[in-house]
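**Q** Predicted model and sequence follow; I will ask about them next.
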Amino acid sequence: MITDTLYERYLGLIAGRVGMTRRRAECFLRLWLYLLAKAAYQQGQALPAPLAQLTLPPGWVECSCGEAADVFYSDRERGSDRAAGMMLDKLAALGLIRKTFDGNTTQIAIVELPELQAPPTAIAIADIEPDDFDPRCDAIPIANLLAQNYNWLNRNTDAVPYRIANILRDWAEQYSQGFRVLRRCDNQNPLGFYALYPTQRESEIKFFEPPSQGLHLSQVASEDPFKMALPGDRQCRSVFVRSFVIHPSHLNDQRSRFVQDAQQRLVAMQQDFPNLMDMYTLVIHPSYADLAAALGFQATHADPKLPLQWMYQAVDRFVAMDVSTALKQI
């Protein structure tokens, strides 16, 4: 009903609201589109395809929990009607919808959100450029961005942003050359982040153990399972992509550029670590699995308990890759 670019832009705006996760934002946006289409069908009207922008469905629209389950879980194993009902309750508690039940049917109305009613051209923001990570100014906003990525994996996320911010600052004190952000040029706010983490030889064995043991940012364990190598360490052969995330509203239009920046930064890091050969990463959020695969990362070891797997790519092949061509398949 709407283009992928417009969908991601709306999704990013919704996910940025207090209390929202990407999953809740996806459910809300799907519900909005469904109610809009259902109301138009009931009134015998045809919606333009694709829509130029979202408009509010007219008033209350009947929507059962079974219908909501079909809408919410269309791209995965179908969730229960009860789970869909709980999601509707959550969206109502967040002030996104109004819900009423008369004993027989459930009716839903979308709450008007001013930030989503402006035309798409009016919500375009300033230029965005890759820049060095500034631990003094960037740690907190990046920690909150990363925490959204971990929400689907770790349900207890109350202290995650605080932990992540401190960990990022600790890492940057040791070696910050592998940390970069996507930065707005007007207010300097970061909208994306990656961390290329040079790994000591003694930690390499961790890449062949269950992936859940390699988590640190989202876990409560105080000790990092991976030790950072320092410049001049000729024994360092591996770099761990510990994070690669872009705000959902800019993922499609900025990922190629940000990956190319990572290529350049990795080449520069080879001056400090001349024997870098191997790249490893964990795809923390499913939305990045296609990106990793398009960049040539191969799955190696899967986790027996969590939906995680180690992925590997050779450094030489990554830095030589034509990123623009590789990402056309996504």
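**A** Structure received.

**Q** what's the burial count for the nearest residue to residue 189 once chain neighbours are set aside?
**A** Excluding the flanking residues, the one nearest residue 189 by C-beta to C-beta, 6 or more residues apart in numbering is residue 141, at 6.2 Å. (C-beta placed from N, C-alpha, C; glycine too.) Using other C-beta atoms under 10 Å, residue 141 has 16 other residues around it.

**Q** give me phi/psi at residue 141?
**A** phi -60, psi -40 (degrees, to the nearest 10).

**Q** so what pLDDT did it get?
**A** Looking at residue 141, its pLDDT stands at 92.

**Q** With residue 287 instead?
**A** Here the pLDDT value assigned to residue 287 is 64.

**Q** Please, where are all the helices along the stretch 1-150 of the chain?
**A** Using DSSP state H, counting those that start in this stretch, the helices of the stretch 1-150 of the chain run over residues 4-15, 22-42, 65-72, 81-93, 114-117, 139-150.

**Q** which outside residues touch the first one?
**A** So that's helix 4-15. Defining contact as C-beta atoms under 8 Å, 6 or more residues apart in numbering, one finds that helix 4-15 is touched by 2, 20-22, 24-26, 28-29, 50-51, 53-54, 96, 113, 115-116, 120, 123, 148, 247-253.

**Q** how does it look with 6 Å?
**A** Defining contact as C-beta atoms under 6 Å, 6 or more residues apart in numbering, one finds that helix 4-15 is touched by 22, 25, 28, 29, 115, 247, 248, 249, 252.

**Q** now the angle from it to helix 139-150?
**A** 110 degrees (axes from the mean of the first three to the mean of the last three C-alpha atoms, to 10 degrees).

**Q** what about the strands in the stretch 151-300 of the chain?
**A** 179-184, 190-199, 238-246, 278-282, 298-302 (DSSP state E, counting those that start in this stretch).

**Q** from the contacts of helix 4-15, which is closest to residue 211?
**A** Of all the contacts of helix 4-15, residue 211 sits closest to residue 22, with 20.7 Å by C-beta to C-beta.

**Q** quick one: the closest one from residue 84, how far?
**A** According to C-beta to C-beta, to the nearest Å, residue 22 and residue 84 sit 18 Å apart.

**Q** So for those two, which residue has more residues nearby?
**A** Applying other C-beta under 10 Å to residue 22 and residue 84 shows that residue 84 carries more neighbours, namely 24 against 19.

**Q** So the more buried one sits against residue 66, correct?
**A** No. In this structure residue 84 lies outside contact range of residue 66 using C-beta atoms under 6 Å: 7.6 Å.

**Q** Now residue 91. Nearest residue, chain neighbours left out?
**A** Here the residue nearest residue 91, using C-beta to C-beta, 6+ apart, is residue 97, at 4.9 Å.

**Q** Specify the residue ranges that define each domain of this protein.
**A** As given by automatic domain parsing, the domain ranges for the chain are 4-120, 125-329.

**Q** okay, now residue 295: neighbour count?
**A** Per other C-beta under 10 Å, the neighbour tally for residue 295 reads 24.

**Q** Can you pull out the low-pLDDT segments for the stretch 151-300 of the chain?
**A** The stretch 151-300 of the chain contains residues with pLDDT under 70 at 151-159, 216-222, 284-287.

**Q** what do you get if the cut-off is 50, keeping everything else the same?
**A** Within the stretch 151-300 of the chain, the segments meeting pLDDT under 50 span 155-159.

**Q** Can you tell me how far the residue nearest to residue 251 when sequence neighbours are not counted is from residue 104?
**A** Taking C-beta to C-beta, 6+ apart, and ignoring the residues beside it in sequence, residue 251 has residue 8 as its nearest neighbour in space, at 6.1 Å. For residue 8, the distance to residue 104 (C-beta to C-beta) stands at 37 Å.

**Q** If you count surrounding residues, which of the two has more?
**A** Remark: of residue 8 and residue 104, residue 8 carries more neighbours, 19 against 6, as counted by other C-beta under 10 Å.

**Q** Would you report the backbone torsion angles of residue 325?
**A** Main-chain torsions, residue 325, degrees, to the nearest 10: phi -70, psi -40.

**Q** try residue 189
**A** Residue torsions, per degrees, to the nearest 10, at residue 189 are phi -70, psi 140.

**Q** Around it, count how many other residues there are.
**A** 17.

**Q** And residue 322, by the same measure?
**A** By other C-beta under 10 Å, the burial measure for residue 322, its neighbour count, is 9.

**Q** and if you look at the one 5 residues further on?
**A** Here the count is done by other C-beta under 10 Å, and residue 327 has 18 residues near it.

**Q** likewise residue 47?
**A** Neighbours of residue 47 (other C-beta under 10 Å): 14.

**Q** which residue packs closest to it, ignoring adjacent ones?
**A** Nearest non-adjacent residue to residue 47, counting by C-beta to C-beta, 6+ apart: residue 40, 5.0 Å away.

**Q** follow-up on the earlier one: CSV please, covering the contacts of helix 4-15 and showing distance to residue 292.
**A** Output for the contacts of helix 4-15, formatted as CSV (distance: C-beta to C-beta, whole Å):
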residue, distance to residue 292
22, 17
25, 22
28, 27
29, 25
115, 31
247, 18
248, 17
249, 21
252, 16
